[in-house]
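A.B. asks: A structural model of the following input is requested.
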Amino acid sequence: MIRVMFVCHGNICRSPMAEYIFKKMIEESGVADRFEVASSAVTTEEIGNDVYPPARKVLARHSVPCPARAARLITKEDVDAYDHILCMDASNLDKLYRIAPAARGKAKLLGEYGLQGHDIADPWYTLDFDLTFDELLVSCSCFLDNLGVK
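C.D. replies: This next block holds a predicted model:
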């Protein structure tokens with residue numbers, strides 16, 4: 001079982017979008033049974049909240065299922081349990097290291113896959129949910145290709 005955790009600031013935009021995009025990819029590739037995929041936050045401000053409505057809308061436009069969920073904080077136990085911890089930006093990595101120092105060397109930027117290490121644009125600030133979707137689609141696809149499980 002390959003365990004993948006996507007991480008962003010509040011777990012209501014980028015990381016759940018990545019989770020659902022990746023889940024659709026692995027389902028369509030016929031390898032979903034080989035994965036456990038989740039997402040979480042590095043701050044507590046959105047804990048318990050569902051996916052932000054504009055993020056939900058862009059997923060729906062691309063036929064990506066987005067079931068109801070509650071944002072949650074990443075834990076030290078998650079860092080130990082997950083094989084791949086993929087953060088959306090450098091700030092997320094820094095906050096993750098404060099929560100779980102053991103994440104150093106294990107966590108990476110999702111943008112290292114297909115985006116030359118660039119941060120995934122935060123649509124909370126840019127309001128460009130389509131750009132974020134496109135970046136996540138590229139990065140998740142490149143990450144899956146990198147795993148070599150297709």
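
A.B. asks: Only C-alpha atoms from now on, for both contacts and neighbour counts.
C.D. replies: Fine.

A.B. asks: Check whether Ser40 sits in a helix, strand or coil.
C.D. replies: Of the three states, Ser40 takes strand under DSSP: H, G, I helix; E, B strand; the rest coil.

A.B. asks: which residue ranges form the strands in this structure?
C.D. replies: For the chain, applying DSSP state E gives strands covering 2-8, 35-41, 84-87, 107-109.

A.B. asks: Would you mind finding the most buried of those?
C.D. replies: Highest mean neighbour count of the strands of the chain: strand 84-87, a mean of 24 (counted as mean count of other CA atoms under 10 Å).

A.B. asks: Centre of the chain to it, how far?
C.D. replies: A distance of 7 Å separates the centroid of the chain from that of strand 84-87, by CA atoms, centre = their mean, to the nearest Å.

A.B. asks: With stretch 138-149 instead?
C.D. replies: On CA atoms, centre = their mean, the centre of stretch 138-149 falls 13 Å from that of its chain.

A.B. asks: try stretch 31-50
C.D. replies: What separates the centre of stretch 31-50 from the centre of its chain is 7 Å, taken as CA atoms, centre = their mean.

A.B. asks: and it, what's its mean pLDDT?
C.D. replies: The average pLDDT within stretch 31-50 is 97.

A.B. asks: for the protein, longest helix please?
C.D. replies: Secondary structure of the chain per DSSP state H: the longest helix is helix 129-147.

A.B. asks: neighbouring contacts of that helix?
C.D. replies: For helix 129-147, the surrounding residues in contact (CA atoms under 8 Å, 6 or more residues apart in numbering) are 14, 17-18, 21-22, 25, 54-55, 58-59, 110-115, 120-123, 150.
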